[in-house]
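Peer 1: sequence and predicted structure below; questions after.
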Amino acid sequence: MELDKTPPQKKSSKPIARGQSKQAVDTLGRRIASGDYKEGETLPIEAELSEMLGIGRNALREAVKILSAKGFLTTAPRSGTKVRSKIYWNMLDQQVLSWHADPAIATESFMLDLIEIRQIIEPKAAKLAAERATREDISNIMSAFESMKEHKDDLEKRLEADIEFHSLILMASHNTILSQFKTAVATYLKAHVNLGKEQTTEEINLDLQHHQELAWAIASGQADKAYSIVKDILVQNTSHLPPTK
């Protein structure tokens, strides 16, 4: 029998490049979000930046493409790669939100921007949920509240249930666009816990009371009451922040 003399194929380096580009996106994204690279600043040349990040040039180019798609960077011949103005950043991108919510990066201005979004969106979403929620929606919201109450002394588990509670209300609005804001809400709640002062037992009990009242308002179809309760919850959430920027 004649042996197959075809040389073995080399393993593709693409998985490694993807891994490297993912790492580079995270590193550069965090540096830009934190202000290490400022708006309008030109990044180091490709060879220098590749060496700084410890990755190949192909992986770096892929990372630049991804960050450009997020609105962070712009490239042009002879001008190099520059950090774009923050107004172009895709702040609803899950990864971009997570960078800004990092306690080492998060600013008071960012927290105020997030709470303004919550104040615009969540009261109306709760009102719609009270009008549109199905039995399954209501059951899920009630279960999330019960989990919050059960874990009132476990910050991490209570936060997880709190995020689920608010996400379920957004979904119970049965508005597909509103539902997508659950990432922004989750980001705010996580950042608020990491950056804010520890809640007292009295504050925790008041927060649970508000959430219970909200769940029952939605369950009983009291749309205006649900709207009002969310307003109260958000006021309590931001009691330590200044009212204006």
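Peer 2: Nice, thanks for sending it over. This structure is a prediction, so every number in the text was calculated from the model and none was measured.

Peer 1: quick check: phi and psi on T75?
Peer 2: Main-chain dihedrals, T75, degrees, to the nearest 10: phi -120, psi 150.

Peer 1: tell me the SS of the nearest residue to it once chain neighbours are set aside?
Peer 2: Leaving aside its sequence neighbours, T75 sits nearest to T81 (Cβ to Cβ, 6 or more residues apart in numbering; 4.8 Å). From N, CA and C alone the C-beta is placed, and that goes for glycine too. T81 falls in the strand class when you classify it by DSSP: H, G, I helix; E, B strand; the rest coil.

Peer 1: what score does T107 have for pLDDT?
Peer 2: T107 is assigned 84 on the pLDDT scale.

Peer 1: that one - how many residues pack around it?
Peer 2: Applying other Cβ atoms under 10 Å, we find 13 residues neighbouring T107.

Peer 1: just E213 next, same as before
Peer 2: Here the number of neighbours of E213 (other Cβ under 10 Å) works out to 17.

Peer 1: verify the stated contact: it with I229.
Peer 2: Yes: E213 is in contact with I229 according to Cβ atoms under 8 Å; the separation is 5.4 Å.

Peer 1: test my guess that M111 contacts K190.
Peer 2: No: using Cβ under 8 Å, M111 is not in contact with K190; the gap is 11.4 Å.

Peer 1: show me the contacts for the residue nearest to Q199 when sequence neighbours are not counted.
Peer 2: Of all residues not flanking Q199 in the chain, D207 sits nearest, at 7.2 Å (Cβ to Cβ, 6+ apart). Neighbour list for D207: 199, 233, 236 [criterion: Cβ atoms under 8 Å, 6 or more residues apart in numbering].

Peer 1: show me where the chain has its helices.
Peer 2: Along the chain, the segments classed as helices by DSSP state H run 14-34, 46-53, 57-69, 94-101, 108-132, 135-150, 155-172, 176-179, 182-195, 201-219, 223-237.

Peer 1: what helices or strands is the fourth one leaning on?
Peer 2: Based on contacts counted as 3 or more Cβ pairs under 8 Å, 6 or more residues apart in numbering; DSSP states H and E, the elements that helix 94-101 packs against are helix 14-34, helix 182-195.

Peer 1: go on, the fifth one?
Peer 2: Under the contact criterion of 3+ Cβ pairs under 8 Å, 6+ apart, the helices and strands touching helix 108-132 comprise helix 155-172, helix 176-179, helix 182-195, helix 201-219, helix 223-237.

Peer 1: so T42 versus I138, what's the distance?
Peer 2: Going from T42 to I138 by Cβ to Cβ, to the nearest Å gives 54 Å.

Peer 1: compare neighbour counts for the two and give me the winner.
Peer 2: Legend: neighbour count by other Cβ under 10 Å for T42 and I138, higher for I138 (20 against 11).

Peer 1: please name the nearest non-neighbouring residue to the more buried one.
Peer 2: Once flanking residues are discounted, I138 sits nearest to A219: 4.7 Å by Cβ to Cβ, 6+ apart.

Peer 1: wait, isn't that neighbour in contact with M142?
Peer 2: Yes: here A219 lies in contact with M142, judged by Cβ under 8 Å, at a distance of 6.9 Å.

Peer 1: once you drop chain neighbours, what's closest to A63?
Peer 2: Nearest to A63 is A24, by Cβ to Cβ, 6+ apart, at 3.7 Å.

Peer 1: touching, that neighbour and K65? I think so.
Peer 2: No: using Cβ under 8 Å, A24 is not in contact with K65; the gap is 10.9 Å.

Peer 1: show me which of the two is the more surrounded one.
Peer 2: More crowded of A24 and K65, by other Cβ under 10 Å: A24, with 25 against 13.
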